[in-house]
Structure formats: C-alpha cells, structure tokens
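# sequence unavailable; structure follows:
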C-alpha cells in the first residue's frame with residue numbers, strides 16, 4: 001500500500017486520473033491553482049488505459065479516438081481541447097482510419113473520415129430515405145448539443161421524424177450507441193448528436209502507439225505545471241456541512257480538506273461517497289449496460305488476410321437490440337464491434353508488429369460476478385471462442401487453406417468484472433449512469449461531476465468534460 005498522505009488542504013481535489021480528471025487538473029494547474037488528483041489504481045486512464053502481459057501492451061477502451069480532424073481545422077472539439085490543454089496537435093501522432101462499415105445481415109454502409117462516403121452509401125442502399133437522412137444531418141449540424149441546461153429528449157423520436165425505414169434507423173443507432181449510450185433502446189438526442197458528429201462528421205484516428213500516447217501527454221503536461229497526483233489512493237467518503245463538501249476520507253484513513261472537489265467516479269458512485277446520502281441513493285439511475293471484449297494478437301497483418309476495415313459495427317438480429325443482457329446468458333453475440341487496430345494510415349515506413357483483432361459485445365455483469373475463479377476462466381474461454389466465430393463470420397473469408405487459429409500468438413479477454421474493478425462503476429456499467437447531469441452539478445455546492453456522467457463521451461468528450469467543469473466553476 002502506498003504511504004499515507006499527510007493531512008493537508010488543497011484548493012481542488014480531483015477524484016480519478018482518467019481522461020476527464022487529468023484534463024481538469026491541467027486546466028486548473030495552468031490557472032495556477034493548487035490541485036491534487038487521487039487515483040485508486042496504479043495506472044492513469046480509467047476505462048481508456050492499457051496493460052502488459054508477457055511484454056505485449058494491450059489497449060483497453062480505445063478502439064479509435066473520435067472527433068478526428070486534420071491539423072489546422074478550426075472550431076472543432078479536438079482543436080479546442082488541444083488549445084485549452086496547451087498540447088500541440090502533432091504530439092498526438094494521430095493516424096486516420098482506412099475505412100469502416102456498419103454491417104446488418106445483407107446490408108452494409110461504408111463510412112470514412114469523409115462524410116460524403118456515408119451519404120453516398122445511404123443514397124445507394126436507401127434511395128427513398130436520402131432526403132430524410134440529409135434533413136436529419138442538417139438538424140444535427142445546426143443544433144448545439146453541448147448546451148448544458150438542455151433537457152432529455154428521445155433520439156429515436158427525433159430520428160424517426162426524418163427516417164422512415166427501421167433498418168436504416170437501426171444502422172445509424174448501432175455505432176452511436178456502442179460508442180456512447182448508457183441507455184437501453186434509446187438515448188438523449190443531444191448525446192446522439194454529439195456522437196453522430198464525432199463518428200461521422202469528423203471521424204476516427206489512432207495514435208500509432210495507442211492510448212498510452214494520450215495518457216503520457218496528459219501526465220507530462222500536468223506534472224510540468226506542478227500538479228500533484230497520488231496513485232493507489234482511493235476515496236472512501238466525502239464529508240459535508242451546510243450544503244458544502246468539507247473533507248475527504250481516503251482508503252487508508254487519511255483526511256484531506258478542499259475548497260472544491262471534482263469527481264469523475266460517476267454520478268451514483270459519487271453520491272454514495274457522500275456521508276449525507278443514503279447507501280441506496282440514485283438506485284434508479286444505475287447503468288445497466290456492460291461489455292466484454294476479446295483481444296487477439298496474430299502473426300500476420302490483417303490486410304494479408306483480406307481484412308481491410310478499421311472498425312465494423314455489426315448486428316445479426318432482424319432489429320438491433322441494445323439492452324441489458326438477460327441473466328443466464330452472460331454475453332449477447334448478436335451485435336457488437338470488431339476493431340482491427342492495424343488498419344489506420346500509419347504511413348509506408350511503419351506498422352504494428354503483430355496483427356490485432358478486438359471484438360466487443362454486450363454482457364451481463366451479475367452472471368460474470370457470480371462465477372468462481374475456475375468457472376470464470378472456463379467461461380472466458382467459451383465466450384472467447386464464440387466471439388471469434390462471430391467476428392470471422394463478419395470478416396471476409398480467409399484465403400483458401402488459411403486457418404486463423406493457426407496464426408494466433410496471444411489472446412486475452414476482459415469482462416464486466418474487469419470494467420467494475422478499474423472504473424468503480426456499479427454494474428460494470430461501461431458508460432455509467434443512464435441519466436446524465438449535463439451541468440456537472442451535484443447536491444453539494446462545491447462538488448462537481450466530470451467525465452462519463454456529465455454526458456461528454458469518448459476520449460475527446462471526456463477531456464472536454466474535465467475542461468468545461470474546471471472553466472465553468474473553478475477558474
């Protein structure tokens with residue numbers, strides 16, 4: 001266990017060293033504020049981090065950094081956050097996607113970082129819907145989805161005003177939901193617009209060395225500004241008097257005081273840290289959606305096998321079903337995300353050393369947590385094999401005589417148990433609470449939410465969330 005902190009006072013304490021927490025810390029440090037970040041684990045990044053097994057580094061969370069725009073593009077989320085954090089664009093080493101697709105049974109919609117491709121695909125596959133698609137995209141372009149005081153409105157209802165074909169409707173919702181919806185079946189239209197912009201109007205990119213590039217940039221910037229960070233140092237409770245947070249008790253029993261607190265732990269989780277709240281507060285707001293993901297390293301490049309997509313969002317049901325996986329099933333393999341991290345424009349002189357294949361699907365948290373260790377390992381093997389079969393069915397057939405399993409050199413899998421362990425989210429909810437607090441306020445005057453449960457999603461969104469809370473309330 002890390003050495004206890006000496007009892008101390010700070011202007012701001014930030015709970016969590018994920019993307020939102022580190023971005024908020026940088027903004028405050030740039031303003032000359034005394035800020036301390038507390039992280040329960042030994043690595044930064046939260047859901048978007050990495051780990052090593054036998055010398056191989058595996059990204060978790062990051063399939064792509066959304067909101068990609070070329071260098072010099074003005075007025076976009078990516079350029080705004082880099083300006084706010086004083087981080088140069090080139091330091092991210094962003095490599096754009098080759099191209100992705102949405103695959104539903106016999107229908108495919110290709111898309112890239114050029115929105116015109118998706119528009120042409122909709123026109124070709126759904127000619128009667130293209131006018132509605134264009135009017136939907138025009139509405140999204142004109143709205144301000146970052147309006148912090150806007151209420152919740154149904155994205156399904158908004159999309160159905162324009163799109164009358166349920167297949168196209170579902171195909172548009174699949175990638176947006178898998179990359180950012182904490183709600184079952186539907187989502188807030190403002191959040192839908194944020195994700196639609198980030199995926200389709202802007203696009204996907206990846207640092208050559210993965211998520212650790214982003215983490216390292218944030219850590220180095222924060223450290224260079226004199227920001228303090230304490231790892232393996234979780235928060236046990238938040239104490240308050242007269243509607244204000246006054247102190248925090250850490251896992252080791254140390255007490256800290258602070259003028260203000262930013263929590264990236266989640267809306268429900270933060271409320272339950274507060275000593276003036278009941279243990280079951282916000283029970284109705286606990287997220288229900290968790291994921292599992294397989295990660296496979298293999299000895300060939302994907303394009304040698306005829307696999308050229310960057311990301312595939314797939315569904316094999318008649319209607320796309322984005323909901324909590326029923327008890328007794330463990331994993332729903334009928335929809336998900338296939339990611340091939342090799343398939344970005346890395347240039348002619350560099351490429352990842354090994355092929356990588358990641359397959360993500362919805363999973364049941366309670367079922368995975370109920371397993372003892374032997375059954376847990378057994379079920380991981382079972383579902384790894386099942387999800388590999390699903391992925392191979394969605395990918396182009398291998399050249400004659402090729403057997404993919406013969407090329408595998410390493411594999412791993414994380415489950416909802418892993419998500420809960422490293423994010424602290426109840427139910428292993430990948431995107432946190434179902435209802436977001438867009439203005440970041442809590443019941444305490446000086447306790448604020450940032451990150452997933454403020455409703456800014458993805459890596460870019462998480463950093464913008466931390467920046468917005470620091471700027472709005474503390475600078």
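Cool, got the structure. No experiment lies behind these values; they were computed from the predicted model shown.

# can you map out the helices along the stretch 251-400 of the chain?
Shown for the stretch 251-400 of the chain, the helices assigned by DSSP state H, counting those that start in this stretch span residues 267-273, 365-369, 373-394.

# out of those helices, which gets nearest to residue 164?
The minimum distance between residue 164 and those falls on helix 373-394, with 27.3 Å, by Cβ to Cβ. Glycine gets a C-beta too; all of them are placed from N, C-alpha and C.

# skip the chain neighbours and tell me the closest residue to residue 38.
Once flanking residues are discounted, residue 38 sits nearest to residue 233: 5.0 Å by Cβ to Cβ, 6 or more residues apart in numbering.

# and residue 211, by the same measure?
Spatially, and ignoring its direct neighbours in sequence, residue 211 is nearest to residue 62 (4.1 Å; Cβ to Cβ, 6+ apart).

# state the number of residues packed around the one you found.
The tally of other residues near residue 62 (other Cβ atoms under 10 Å) stands at 25.

# distance check, residue 405 against residue 209.
In this structure, residue 405 and residue 209 are 28 Å apart, going by Cβ to Cβ, to the nearest Å.

# so which residues of the stretch 1-150 of the chain form helices?
With DSSP H, counting those that start in this stretch as the criterion, the stretch 1-150 of the chain has helices spanning 19-30, 77-85, 115-125, 130-142.

# now the angle between helix 130-142 and the third one, please.
Per axes from the mean of the first three to the mean of the last three Cα atoms, to 10 degrees, the angle that helix 115-125 makes with helix 130-142 is 150 degrees.

# contacts for helix 115-125?
Contacts of helix 115-125 with the rest of the structure, by Cβ atoms under 8 Å, 6 or more residues apart in numbering, involve 99, 107-112, 129-130, 133-134, 137, 168, 200-201.

# now those: which count as buried?
Restricting those to buried positions leaves 99, 109, 110, 111, 112, 129, 130, 133, 137, 168, 200, 201, with burial counted as 16 or more other Cβ atoms under 10 Å.

# secondary structure class for residue 198?
Assigned with DSSP: H, G, I helix; E, B strand; the rest coil, residue 198 falls in the helix class.

# what's the burial count for the residue nearest to residue 38?
When neighbours are counted by other Cβ under 10 Å, residue 233 registers 23.

# quick check: it is in a helix.
No. The secondary structure assignment for residue 233 gives coil rather than a helix, going by three-state DSSP.

# follow-up on the earlier one: which of residue 405 and residue 209 has more neighbours?
Neighbour comparison, residue 405 and residue 209: the larger count goes to residue 209, with 14 against 11 (by other Cβ under 10 Å).

# let me know the helix or strand that that one is in.
Assigned by DSSP states H and E, residue 209 falls within no helix or strand.

# need phi/psi at the residue lying closest to it once chain neighbours are set aside.
Across the structure, with Cβ to Cβ, 6+ apart as the measure, the residue nearest residue 209 apart from its sequence neighbours is residue 93 (7.2 Å). Here is the backbone geometry of residue 93 (degrees, to the nearest 10): phi 50, psi 50.

# what about residue 93, how many neighbours?
A count of nearby residues for residue 93, using other Cβ under 10 Å, gives 15.

# same deal with residue 58?
By the criterion of other Cβ under 10 Å, residue 58 has 20 neighbours.

# the residue lying closest to it once chain neighbours are set aside: what's it in contact with?
The spatial neighbour of residue 58 that comes closest, neighbours along the chain excluded (Cβ to Cβ, 6+ apart), is residue 295 at 5.2 Å. In this structure, residue 295 makes contact with 58, 356, 357, 358, 411, 412, 413, 414, judged by Cβ under 8 Å, 6+ apart.

# at 6 Å instead, please
58, 358, 412 (Cβ atoms under 6 Å, 6 or more residues apart in numbering).

# so it versus residue 444, what's the distance?
When Cβ to Cβ is applied, the distance between residue 295 and residue 444 equals 40 Å.

# pretty sure residue 215 is in a helix, no?
Yes. According to three-state DSSP, the state of residue 215 is that of a helix.

# how about it: what's its closest non-neighbour residue?
Ranked by Cβ to Cβ, 6+ apart and with sequence neighbours excluded, the top spatial neighbour of residue 215 is residue 45, at 4.9 Å.

# what sits up against stretch 311-318?
Residues outside stretch 311-318 that contact it (Cβ under 6 Å, 6+ apart): 63, 100-104, 174-175, 334-335, 337-339, 394.

# tell me which element residue 238 is part of?
Assigned by DSSP H and E, residue 238 belongs to strand 235-241.

# buried sites along the following helix or strand past that strand?
Where DSSP H and E defines the elements, the next helix or strand beyond strand 235-241 is strand 244-250. If you call a residue buried by 16+ other Cβ under 10 Å, then strand 244-250 has these buried ones: 245, 246, 247, 248, 249, 250.

# mind putting the residues you listed into a markdown table with distance to residue 312 and pLDDT?
Below are the buried residues of strand 244-250 laid out as a markdown table (distance: Cβ to Cβ, whole Å; pLDDT from 0 to 100):
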| residue | distance to residue 312 | pLDDT |
| --- | --- | --- |
| 245 | 45 | 98 |
| 246 | 50 | 97 |
| 247 | 49 | 97 |
| 248 | 44 | 98 |
| 249 | 46 | 97 |
| 250 | 43 | 97 |
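
# ok, so of these, who is nearest residue 223?
residue 250 (21.1 Å).

# who's in contact with the closest one?
Residues touching residue 250, when contacts are defined by Cβ under 6 Å, 6+ apart, comprise residue 233.

# can you give me phi and psi for residue 40?
The main-chain torsion angles of residue 40 are listed as degrees, to the nearest 10 and equal phi -70, psi -30.

# circling back: ranking the helices of the stretch 251-400 of the chain by burial, who's on top?
Using mean count of other Cβ atoms under 10 Å, the stretch among the helices of the stretch 251-400 of the chain with the greatest mean number of neighbours is helix 267-273 (a mean of 24).
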